[in-house]
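Asks: have a look at this prediction, sequence included:
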Amino acid sequence: MSTSVNIPPQLEVVDRPLDTQMTISMGPQHPSTHGVLRIELVLDGEMVVKATPDIGYLHTGMEKLFEYKKYQQGIVITDRMDYLNPLGNNLAYVMAAEKLLELEIPERAQTIRVLFCELQRIASHLVWLGTHALDLGAMTVFFYCFREREKILNLIEAASGGRLTPSYFRIGGLMMDLPPGFERRVKQFLDGFPKALDDFKKLLTGNRIFQKRTQDIGRISAEDAIDWGLSGPSLRGSGVALDIRRANPYSGYENYDFEIATEPGGDVWARYLVRMREMEESQKIVTQALSRLRSGPVKADAPKVVLPDREAMKTHMDALIHHFLIVAEGFDVPQGEVYHAIEASKGELGVYIKSDGGPKPFRVHFRGPSFVNLSALPDLCRGAMIADVVAIIGSLDIVLGEIDR
Amino acid sequence: MSAGLQNEQPATPSQLVTALQSEHPDWVTEFTEALGEVTAVVPRAYIVEVCSLLKTPAAGEFNFLADLCGVDRGVEEEPRFEVNYHLFSTIRYHRLRLKVLLSENDVHVPTVTGVWRTANWHERETYDLVGIIFDGHPDLRRILLPDDWQGHALRKDFPLRGYEPYSLK
């Protein structure tokens, strides 16, 4: 067996399958791989010598599809990428298109966008929490998390009509204004949520088994995390206080008072603590957004881009013409290219759009945070036990819909 | 991260690129600022040098490669392909886009995996979907499509629905 200088001998792949090492395939139908991730593991006993993620099982050619759809039709495709955070995807895409069009978005629409993005962030973190705990054997948390998430999905449904695929944000504003009594319903949710969050903490944070399964597992230093391009809670779990809501504020985030949750540990446990605190911070932002809601328009004043109101179409000829043209032919977007990044629930979600001046984008590229975070998995798993691989995948909070696109 | 090297007033990305251009005139062939974003076109021979330099504290601390993507500018265009590098600084919060233009008959570009390890999967994706070959990449395999897929799906001459019956061998 050849040994190199800086790696312990047992951490080297030996090409003698029946000797000491074994190669096994984990996934794509393994329940803890959150969809269709397959990992090729080279094991020495129970220790992972090498982990090679194999992705692409859910590839549907979304980036190609964008090139054949008009700008506003692209919004529904974004819903289906990170299906736990569809409103975040909507926001990244519409903001990139708005940047090309140089549209001014009314304040009420911006506030509602922030409100929904933070609700969606809580919902996304709840799914992460439930499934992460489930992977580690704590089944109860899952049911409580999904109960709370259901309340958020009901709120999203009340406003947009869709639960998982809302497409609520449109280029130039929102699909429509909030339904009557919506603010009361959000307040109702906010009143009950701190109690639920306390319950989750009681179930997990003080739980010795959960601590043993997560502490000092999958450790990554701040320098390595940046080098691997980790973002979002996975990066903040390594002590880097980077949040795009602060670094490059968008949609009025500079006006909200919230803290960037960081933990210095860099292990699965630290990433858990960061997400738990982020839910509290999101709740603070939702409360502030509610108090900032003033009546006003929710669509930009751009009749050639934004669909007119139903009522206006019945009485104004020009509104009807604009409606017809937008639906039938779309709108031309000036030539240029933009990269717009937002802080999605999993990290930096970037959208690159290149326009050739026509009604369809010339090229759309998504920088999915799950894709980049997963690329660090081989490094995180090296030398870990096979049962810890499950904990590490859970702590990265990946969604295969976004990785494979 | 050493904080002592930060300037009082960090130079903006456009100032950085201008400084870079005056120091090494052939490293940046074109420089545009549009919609609040700075784009620098870099000849492919210098892309690794430019990236390594921009990563240093003196030249912008672009320590985070946010994104890397390939674009097919159209079958008729010359140069036909471009590779976009979206750089970000986790210290100064600046963003910068580098662009490498490639012609169809020579789609090779040096890898930047030595500068940022995160480039690994981005470059594999670009190779898989656009067909750009990154010289020196440690593991340049297809990543999203099957290994025996024919063609590169995001090229403009690749049909939306693929080839019938399907694009495998």
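Replies: Alright, I've got the coordinates. Numbers count the residues shown, from 1 in each chain, chains lettered A, B, ... in the order given.
Asks: only C-alpha atoms for contact and neighbour calcs from this point on.
Replies: Noted.
Asks: residues contacting residue 37?
Replies: Using chain A. For A:Leu37, the contact set (CA atoms under 8 Å, 6 or more residues apart in numbering or on different chains) comprises A:Gly27, A:Pro28, A:Gln29, A:Pro53, A:Asp54, A:Ile55, A:Tyr57, A:Leu400.
Asks: you looked at the wrong chain, it should be chain B
Replies: B:Glu37 touches A:Val338, B:Arg95, B:Leu96, B:Arg97, counting by CA under 8 Å, 6+ apart.
Asks: the stretch 151-300 of chain A: helices as residue ranges?
Replies: A:182-204, A:208-214, A:222-227, A:233-236, A:244-247, A:268-292 (DSSP state H, counting those that start in this stretch).
Asks: mean neighbour count for those helices - can I get that in a markdown table?
Replies: Below are these laid out as a markdown table (neighbours: other CA atoms under 10 Å in any protein chain shown):
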| stretch | mean neighbour count |
| --- | --- |
| helix A:182-204 | 15 |
| helix A:208-214 | 15 |
| helix A:222-227 | 20 |
| helix A:233-236 | 30 |
| helix A:244-247 | 19 |
| helix A:268-292 | 21 |
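Asks: of all those, which one is nearest A:Asp309?
Replies: Relative to A:Asp309, the nearest member of the helices of the stretch 151-300 of chain A by CA to CA is helix A:182-204, separated by 20.3 Å.
Asks: list the beta-bridge partners for residue 39.
Replies: The chain I'm using is chain A. A:Met26, A:Pro53 (DSSP bridges).
Asks: my bad, chain B
Replies: If you apply DSSP bridges, the partners that B:Thr39 bridges to are B:Thr32, B:Arg97.
Asks: surely it and B:Lys99 touch.
Replies: Yes. Using CA atoms under 8 Å, B:Thr39 is in contact with B:Lys99, at 7.0 Å.
Asks: tell me what A:Glu348 is bridged to.
Replies: Here A:Glu348, judged by DSSP bridges, has bridge partners A:Glu343.
Asks: that one and A:Arg275: what is the separation?
Replies: Here A:Glu348 is placed at a distance of 15 Å from A:Arg275 (CA to CA, to the nearest Å).
Asks: ok so, going back, taking the contacts of A:Leu37 together, which two end up most distant?
Replies: A:Gln29 and A:Pro53 (13.6 Å).
Asks: please name the residues that touch A:Glu146.
Replies: Quick fix: residue A:146 is Phe, not Glu. Contacts of A:Phe146 by CA under 8 Å, 6+ apart are A:Leu126, A:Val127, A:Gly130.
Asks: and the pLDDT for the second one?
Replies: If you check A:Val127, the pLDDT there is 92.
Asks: residues in chain A within reach of chain B, list them.
Replies: A:54-57, A:59, A:61, A:63-65, A:99-100, A:223, A:226-229, A:242, A:247-248, A:336, A:338-339, A:348, A:350, A:363, A:365, A:367, A:372, A:375-376, A:404 (CA under 8 Å from any CA of the partner chain).
Asks: which ones among those residues are found in strands?
Replies: If you go by DSSP state E, these have A:Asp54, A:Gly336, A:Val338, A:Tyr339, A:Glu348, A:Gly350, A:Arg363, A:His365, A:Arg367 in strands.
Asks: count the neighbours of the residue nearest to the first one when sequence neighbours are not counted for me.
Replies: Pointing back at A:Asp54 there. Of all residues not flanking A:Asp54 in the chain, A:Arg38 sits nearest, at 5.1 Å (CA to CA, 6 or more residues apart in numbering or on different chains). When neighbours are counted by other CA atoms under 10 Å in any protein chain shown, A:Arg38 registers 19.
Asks: hmm, back to that, top of the contacts of A:Leu37 by number of neighbours, please.
Replies: A:Leu400 (24 neighbours).
Asks: that one reaches A:Arg38, doesn't it?
Replies: No. A:Leu400 lies out of contact with A:Arg38 (CA under 8 Å); the separation is 10.7 Å.
Asks: mind pulling up the pLDDT for B:Lys55?
Replies: 88.
Asks: how about it, what does it touch?
Replies: B:Glu61, B:Phe62, B:Asn63.
Asks: surely B:Glu78 and B:Ser103 touch.
Replies: Yes. Counting by CA under 8 Å, B:Glu78 touches B:Ser103, with 6.1 Å between them.
Asks: which residues do A:Gln29 and A:Pro53 both contact?
Replies: With CA under 8 Å, 6+ apart, A:Gln29 and A:Pro53 have common neighbours A:Leu37, A:Arg38.
Asks: what are the bridge partners for the residue nearest the centre of chain B, then?
Replies: Nearest to the geometric centre of chain B sits B:Tyr85, at 3.1 Å (CA atoms, centre = their mean). Per DSSP bridges, the residues bridged to B:Tyr85 are B:Leu68, B:Leu98.
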